[in-house]
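*Asks:* Based on what follows, work out the 3D shape:
(2 chains)
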Amino acid sequence: MKQLLAPMVGILIACTAFHAKAGAGPLRTADACVMEPPPGSPNAVAFMSITNMANRTVTIVSVATPVAKKAELHETARTGGLTEMRYVKTLTLAPLETMRLSHQGYHLMLIGLKKRLKKDDRVRLVFRLKDGSTVSFDVKVCRMKRH
Amino acid sequence: MHKDRASSGALIYVVIGVVAVVILYGFFHFAGVRDRVVLESADGPVSIEDFRGKILLVFFGYASCPVECPAVLLNMGDAFSELTEEELKLVNGLFISFDPKRDSPEKLKEYASYFHPNIVGATAREDVVRELAKRFNAYYVKTAEEGSELGYNYSHSLFIHVVAPDGTTAGTLSGRATPEEIVAALRKMIKQYGLG
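*Replies:* Residues are numbered from 1 along each chain as shown, chains lettered A, B, ... in the order given. Reported below is the predicted structural model:
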């Protein structure tokens, strides 16, 4: 039994390592920030650069976070002098494509905050991809910036 | 006899004069009240007229707006922070929510003052806000957000409406105006209206 224990632990560690790598998935983020929402605001917004490191197209089909009732992808659009926000169901990134989630286009909305988010808090964002896998990121809360 | 007639005539003119003054006073007084659009803030009723003597920056938006509205208010708040103490006494911001269903006066006070204590948050019944928005040529329309947790949203214009110290509208600033541009506009007006 003892002879079997060492290989079993080895296999377990290898599996854990493999899972961790898979968990990192094809996406990488940079400059990720959840903007500290003003008091009274039930929602928050997250901005970041998101890159598809894989050599295949990746589609984000949903996002979840424990700090809000729901996380959704939205797009800010300006048409005819009006500004509007539209719900976006999915976001597709071509191989090696970097997409900027910002105030000017796509962004991530955290709707129905369960608690007040403050600067330097960490927020877990879980991206679910079309192939069923998930990719998680811990994103810091930043002081709202001018733009 | 002639004297009595003259007295009666004078009396009639006095009565007509008094009645005319009462009618005219009533007309202008009630017309004023009717035209005064009263909003609700956490600190009581508020209207544009309450800021007479100051330069007022009015912005229509809603607290659930995650990107554009906070950005405008952030720039406005930063601009106010750049002003001297004396200049600051001459300016105010008024954030008017066109989403009274989700934005209570109390919530708006907390929200608006986060950007700067000189920014007042207020709202009113939908028809009242719409009436005021119409006067400023501010435009907004409720849009259904199918599939979204938000349920509904707004398409809206993005301008800061400037009200002069005499209560007249004095144009607009872009919603994208930087704090520096807002400060420059405010200082120009302070000088123009001899407030400084």
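*Asks:* So which residue is smack in the middle of the chain?
*Replies:* With no chain named, the answer covers chain A. Nearest residue to the geometric centre of chain A (CA atoms, centre = their mean): A:L125, 4.4 Å.
*Asks:* if you could check chain B rather than the one you did, that'd help
*Replies:* For chain B, B:I48 is the residue whose C-alpha lies nearest the centre (CA atoms, centre = their mean; 3.3 Å).
*Asks:* Give me the distance between the nearest residue to it once chain neighbours are set aside and B:Y193.
*Replies:* Spatial nearest neighbour of B:I48, chain neighbours left out: B:V163 (6.0 Å); criterion: CB to CB, 6 or more residues apart in numbering or on different chains. No exception for glycine: its C-beta is placed from N, CA and C like everyone else's. For B:V163, the distance to B:Y193 equals 11 Å [CB to CB, to the nearest Å].
*Asks:* Check the contact lists of those two and give me the overlap.
*Replies:* Common contacts of B:V163 and B:Y193 (CB atoms under 8 Å, 6 or more residues apart in numbering or on different chains): B:I55.
*Asks:* Compare neighbour counts for these two and give me the winner.
*Replies:* Between B:V163 and B:Y193, counted using other CB atoms under 10 Å in any protein chain shown, B:V163 has the larger neighbour count: 22 against 16.
*Asks:* Any part of stretch A:91-103 near chain B?
*Replies:* Yes - residues of stretch A:91-103 are located near chain B by CB under 8 Å from any CB of the partner chain, namely A:H103.
*Asks:* That stretch: which residues count as buried?
*Replies:* By 16 or more other CB atoms under 10 Å in any protein chain shown, the buried positions in stretch A:91-103 come out as A:L91, A:L93, A:M99, A:L101, A:S102, A:H103.
*Asks:* What parts of chain A come near chain B?
*Replies:* Checking chain A against chain B by CB under 8 Å from any CB, the hits are A:35, A:37-45, A:69-70, A:72, A:74, A:76, A:79, A:81-87, A:89, A:103, A:107, A:109, A:111-112, A:144-147.
*Asks:* Recalculate using a threshold of 7 Å.
*Replies:* A:38-45, A:69-70, A:72, A:76, A:81-85, A:87, A:89, A:103, A:107, A:109, A:111-112, A:144, A:146-147 (CB under 7 Å from any CB of the partner chain).
*Asks:* Drop anything exposed from those residues.
*Replies:* A:38, A:40-45, A:70, A:72, A:76, A:83-85, A:87, A:103, A:107, A:109, A:111, A:144.
*Asks:* Give me the helices and strands touching the strand ranked longest in chain A, please.
*Replies:* Ordering each strand of chain A by length in residues (DSSP state E) puts strand A:68-79 first. For strand A:68-79, the packing partners by 3 or more CB pairs under 7 Å, 6 or more residues apart in numbering or on different chains; DSSP states H and E come out as strand A:58-64, strand A:82-88, strand A:106-113.
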